[in-house]
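*Asks:* Any chance you can model this:
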Amino acid sequence: MTAVGLLVRGLIGGLLATFLLAPQLFAPLFAPLNDFGAPAIYDQGNLLDLTLAHLVTVLVAAALSTLVAVALGIFVTRPAGAAFLPLSRTLVNVGQTFPPVAVLAVAVPLVGFGQAPTLIALFAYGLLPIFENTIAGLESCPRAVLEAADGMGMSPLQRLRQVELPLALPLIAEGVRLSLVINVGTATIGSTVAAKGLGEVIIAGLLSSNTAFVLQGGLVTGLMAISLYDGLRLLERRWLPLSRI
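*Replies:* Purely as a prediction, here's the structure:
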């Protein structure tokens, strides 16, 4: 990343942090968007608390999706699980085929309102990119490297842990990053089932015809997604040497 890119990313992160900690400083910017003296800054809850709750929901869902998708990807790339690859692809595609709103509609009668149905929807929606990247990463391991590992007497588990997963990790991390960023925006729908998050700001704006609220919820969500994407990419480049290639 160039120095200009780092500067832009730093400004985005600083702008987001400043707005969440002191939103009233930005009131003059949003005031022209309101009519009839409506508040310029969302005042029905704490923006920082809503953002943190939104982020926690996304991170928990991403962690669950990663555990299941990576485990499933490993299983179907082993000889014993190869026959289950078509079925597995069908199952993980369900989350992308059905809109998250439809998943919420099914989940609410089962688990009630709140964070739980939102986690289910985000979990299902985040499986596909991680699963496919896990398979791509494991299948892209050079045959010569695998044969060398076998020649050294490694067991299948040792080869997986010491050779295949380290080589596949950059692609797996890319899938996790993509899944996480997609779900930052998707998580806003959770507020329709009483989950705490930035969707509250957007819905409040829509119900009251307050464009400023809608814009604030959208901007914070978008800036959070950008910050997460860049932050994870920097961590990848720092801790995963193969991702620098």
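*Asks:* Can you give the distance from the strand or helix carrying Leu122 to the centre of its chain?
*Replies:* Leu122 belongs to helix 115-139 when elements are defined using DSSP states H and E. With C-alpha atoms, centre = their mean, to the nearest Å as the basis, helix 115-139 stands 9 Å off its chain's centre.
*Asks:* From Arg9, how far out is Gly222?
*Replies:* As judged by C-beta to C-beta, to the nearest Å, Gly222 and Arg9 stand 14 Å apart. Bear in mind the C-beta positions are built from the backbone N, C-alpha and C, glycine included.
*Asks:* swap that for Ser209, sorry
*Replies:* For Ser209, the distance to Arg9 - C-beta to C-beta - is 34 Å.
*Asks:* Show me which of the two is the more surrounded one.
*Replies:* Taking other C-beta atoms under 10 Å, Ser209 and Arg9 do not tie; Arg9 has more neighbours (18 against 12).
*Asks:* give me phi/psi at the closest residue to the more buried one other than its chain neighbours?
*Replies:* Of all residues not flanking Arg9 in the chain, Asp230 sits nearest, at 4.9 Å (C-beta to C-beta, 6 or more residues apart in numbering). The phi/psi pair for Asp230 (degrees, to the nearest 10) reads phi -70, psi -40.
*Asks:* Packing partners of the helix or strand hosting Ile202?
*Replies:* Using DSSP H and E, Ile202 falls within helix 199-208. Where contact means 3 or more C-beta pairs under 8 Å, 6 or more residues apart in numbering; DSSP states H and E, helix 199-208 is packed against helix 47-76, helix 211-239.
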